[in-house]
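Engineer: I'll drop the sequence and a predicted model, then ask my questions.
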Amino acid sequence: MQRWGRVVNQAEANPSVKIAVAGSGYVGLIAAVCFAELGHQVVCVDIDHARVAALTAGEVPIYEERLPELLAKHRGRGLSFTTDLKKAARDSEAIFIAVGTPQSATGEADLSQVEASVSEIAASLSEYKMIVEKSTVPVLTNRWIRRTLLTNGARAENFDVISNPEFLREGTAVEDFLYPDRVVIGADHARARELARRIYQPMIDGSYYRRADRVPGARELGEGVLYLETSAQSAELIKHASNAFLAMKISFINAVSNLCELVGSDVTEVARGIGADERIGQRFLNAGIGYGGSCFPKDVRAFYKVAESVGYDFELLKVVERINSVQLQHFMKKLRGALWNLRGKKVGVLGLAFKGGTDDVRESPAIQIVRTLLAEGCQVSVYDPAAMEKARPLLASEPELRFAEDSYSAAEGAHALLVVTEWKEFAQLDLERLRSVMRYPVVIDGRNLFKLERMEQAGFQYHSVGRAMVNGFATEKGGQR
Ligand SMILES: NC(=O)c1ccc[n+]([C@@H]2O[C@H](COP(=O)([O-])OP(=O)(O)OC[C@H]3O[C@@H](n4cnc5c(N)ncnc54)[C@H](O)[C@@H]3O)[C@@H](O)[C@H]2O)c1
């Protein structure tokens, strides 16, 4: 209690913390604008000169709700951009590492960007600073960072390494950051715990949520956020275990959806019934084409690998992965079941982003689907409200691929239309108009965006996930699997 009171006073005396954020991607940039929004002085660093120049000039490099407003509000005031990590670190009390941790060829997390950034920071630690792992990293990475800093000449008393995993979701990243389910701080020393609290103080005491100019959020947090202090190791594990659990939930409902198709029940009804149990919850129980994106695939694999490296075979995660990849193949089977031969067929594809609300196409199942269609000799016409620019380089030099200007144009003349990203605007399409432009009225929906009755009324042959087929041919059902 005493310690808590002292922290609040200190925070009141000096509420603003000088923060450097290494990495200006989906996590680094959002963290940087949100720390500025909390009242801190933030410098956001990237090695990508073009990105830093664009951010400095006021451009918004990623599609994310509320990001443009927050950038406009704080750029040039509490928020600046640079490529000079050494200087940014020298001028800051807290340095957040938010660089990429992609999957390596062998499945482990590739931590070379983390190592490169901390090696650079080492020379700037002439006085005490807190180094914060914001990137998703395997358990015990904090020790490697510490060792790297010491090897590069930093003195032990001049730094602490803590873990502050990020749980934001692309598409709702700003709101997730400012209105999180919890903030997790894995710090082994009091000095770092105090500095971390100063940074999150407006969220801890709820004062941010009482500000007139706050970013509005869906949840009521006037009493403050749930703020969990743990050891660094536990915090690292919390992040990997959370993502692995969510991926497991997705694979679970996808497995149930396959069973639903075989016995003729509806997975949306089943999911509702399962999710109504508070111990389970409704979220992440949407059957579909499997998870993708820059986090779940690599984090499930990395978690498995780190368990293996300490002698534990986390078999469950292998099954989660297997169900996920089979789900995509199962979706493609539905298309074959509906069209018979794919060669020469025209297929419209709605969606490129790995999920709705983002322009991120990393590890997107939609991209895999487009590639498979092209490899099988289809002509493909694709549309996504936000991800076309990011997808173009990945699908360059494909003569049979057309980037359409809207959903109707993607569907024009198509033998089938595939719905592979859950954008709200797809769910609101004028179905009669859509049907009128297509050659065959066949929709294969990997996201269960439409009601079965509505598709029946509109005259579509409609295949979705874990639900009855609409207006199909009797033989197709057996042919689906
Ligand atoms: N994207 C998400 O939804 C999400 C959510 C939670 C956690 N994470 C984790 O956060 C981390 C970052 O993810 P992201 O999606 O923001 O990645 P990203 O690829 O969008 O951004 C990483 C940025 O770091 C920059 N960078 C690389 N090396 C650097 C260095 N030495 N100094 C400064 N900048 C450097 C890159 O140029 C890039 O702009 C990953 O570990 C990821 O797993 C991501």
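Structural biologist: Everything's here; your move.

Engineer: tell me the contacts of the residue in the chain that the ligand sits nearest to?
Structural biologist: Residue nearest to the ligand within the chain: residue 25 (1.8 Å; C-beta to the nearest ligand atom). Using the backbone N, CA and C atoms, a C-beta is placed for each residue, glycine as well. Residue 25 makes contact with 46, 62, 98-100, according to C-beta atoms under 8 Å, 6 or more residues apart in numbering.

Engineer: So among those residues, where is pLDDT lowest?
Structural biologist: Note: of those, the lowest pLDDT belongs to residue 62, at 94.

Engineer: burial count for that residue?
Structural biologist: 18 (other C-beta atoms under 10 Å).

Engineer: same check, this time on residue 48
Structural biologist: Counted with other C-beta under 10 Å, residue 48 comes out at 14.

Engineer: distance of the nearest residue to it once chain neighbours are set aside from residue 148?
Structural biologist: Counting by C-beta to C-beta, 6 or more residues apart in numbering, residue 48 lies nearest to residue 24, which is 7.6 Å off, once chain neighbours are set aside. Per C-beta to C-beta, to the nearest Å, residue 24 is found 22 Å from residue 148.

Engineer: more crowded one of those two?
Structural biologist: A direct count of neighbours by other C-beta under 10 Å for residue 24 and residue 148 places residue 24 higher, at 27 against 20.

Engineer: Would you check that my belief about that one contacting residue 44 is correct?
Structural biologist: Yes. Contact between residue 24 and residue 44 holds when scored by C-beta atoms under 8 Å: they sit 4.9 Å apart.

Engineer: Find residues that contact each of those two.
Structural biologist: With C-beta under 8 Å, 6+ apart as the test, residue 24 and residue 44 both reach 32, 55, 81.

Engineer: Please identify the helix or strand for residue 105.
Structural biologist: Using DSSP states H and E, residue 105 is not contained in any helix or strand.

Engineer: what residues does the stretch 151-300 of the chain put near the ligand?
Structural biologist: By C-beta under 6 Å from any ligand atom, the residues of the stretch 151-300 of the chain that approach the ligand are 166, 168, 170, 294-295.

Engineer: Restricted to helices, list these.
Structural biologist: Among these, none falls in helices (DSSP state H).

Engineer: and these as JSON lines, adding neighbour count and pLDDT?
Structural biologist: Formatted as JSON lines, these follow (neighbours: other C-beta atoms under 10 Å; pLDDT from 0 to 100):
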{"residue": "166", "neighbour count": "23", "pLDDT": "98"}
{"residue": "168", "neighbour count": "19", "pLDDT": "97"}
{"residue": "170", "neighbour count": "25", "pLDDT": "93"}
{"residue": "294", "neighbour count": "23", "pLDDT": "92"}
{"residue": "295", "neighbour count": "24", "pLDDT": "94"}
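
Engineer: Among the contacts of residue 25, name the ones that also lie close to the ligand.
Structural biologist: Filtering the contacts of residue 25 for neighbours of the ligand using C-beta under 6 Å from any ligand atom leaves 46, 98-100.

Engineer: Neighbour-wise, which one of those leads?
Structural biologist: Of the ones next to the ligand among the contacts of residue 25, with other C-beta under 10 Å as the count, residue 98 tops at 30 neighbours.

Engineer: excluding its backbone neighbours, what's nearest that one?
Structural biologist: Closest to residue 98 by C-beta to C-beta, 6+ apart is residue 28, at 3.4 Å.

Engineer: Equivalent analysis for residue 452, please.
Structural biologist: Nearest one to residue 452, counting by C-beta to C-beta, 6+ apart, is residue 470 at 5.4 Å.

Engineer: pretty sure the one you found contacts residue 458?
Structural biologist: No. Contact between residue 470 and residue 458 fails when scored by C-beta under 8 Å: they sit 9.6 Å apart.

Engineer: if we can go back for a sec, now do the contacts for the residue nearest to residue 98.
Structural biologist: 21-22, 44, 46, 96, 98-99, 134.

Engineer: switch the cut-off to 7 Å
Structural biologist: 21-22, 44, 98 (C-beta atoms under 7 Å, 6 or more residues apart in numbering).

Engineer: Check residue 387 too.
Structural biologist: Residue 387 sits in contact with 352-353, 359, 361, where contact means C-beta under 7 Å, 6+ apart.

Engineer: Got the domain ranges for the chain?
Structural biologist: The chain breaks down into these domains under automatic domain parsing: 2-230, 322-479.

Engineer: Is the last one in proximity to the ligand?
Structural biologist: In this case it means domain 322-479. No. Domain 322-479 lies apart from the ligand when judged by C-beta under 6 Å from any ligand atom; the minimum separation is 6.9 Å.

Engineer: All further residue positions should be reported with the first residue as 20.
Structural biologist: Yes, from this point I'll number from 20; that puts the last item at domain 341-498.

Engineer: What mean pLDDT does that domain get?
Structural biologist: Mean predicted confidence for domain 341-498 is 94.

Engineer: Give me the number of neighbouring residues for residue 353.
Structural biologist: 25.

Engineer: I figured it hits residue 463, correct?
Structural biologist: Yes. The criterion here is C-beta atoms under 7 Å, and residue 353 meets it with residue 463 at 5.2 Å.

Engineer: any common contacting residues for the two?
Structural biologist: What both residue 353 and residue 463 touch, as defined by C-beta under 7 Å, 6+ apart, is the set residue 482.

Engineer: got the residue ranges for the strands in the chain?
Structural biologist: 37-41, 60-64, 98-101, 113-116, 148-152, 178-182, 202-205, 246-249, 365-369, 398-402, 420-422, 435-438, 461-464, 480-482 (DSSP state E).

Engineer: what packs against the third one?
Structural biologist: Same thing as strand 98-101. Secondary-structure packing of strand 98-101 (3 or more C-beta pairs under 7 Å, 6 or more residues apart in numbering; DSSP states H and E): helix 45-56, strand 60-64, helix 68-75.

Engineer: how about those, which one is nearest residue 106?
Structural biologist: Taking C-beta to C-beta, strand 60-64 is the member of the helices and strands packed on strand 98-101 nearest to residue 106, at 8.5 Å.

Engineer: now that closest one: mean pLDDT?
Structural biologist: Rounded mean pLDDT across strand 60-64 is 98.

Engineer: That one and the ligand, any residue contact?
Structural biologist: Yes. Applying C-beta under 6 Å from any ligand atom, one finds strand 60-64 touching the ligand at residue 64.

Engineer: Please provide the alpha-carbon coordinates for that strand, formatted as PDB.
Structural biologist: Taking Å, rounded to 0.1, in the frame of the first residue of the first chain, the C-alpha atoms of strand 60-64 are listed here in PDB:
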ATOM      1  CA  GLN A  60       7.200  12.400 -24.900                       C
ATOM      2  CA  VAL A  61       7.700   9.800 -27.500                       C
ATOM      3  CA  VAL A  62      10.200   9.300 -30.300                       C
ATOM      4  CA  CYS A  63       9.400   6.400 -32.600                       C
ATOM      5  CA  VAL A  64      12.300   4.800 -34.400                       C
END
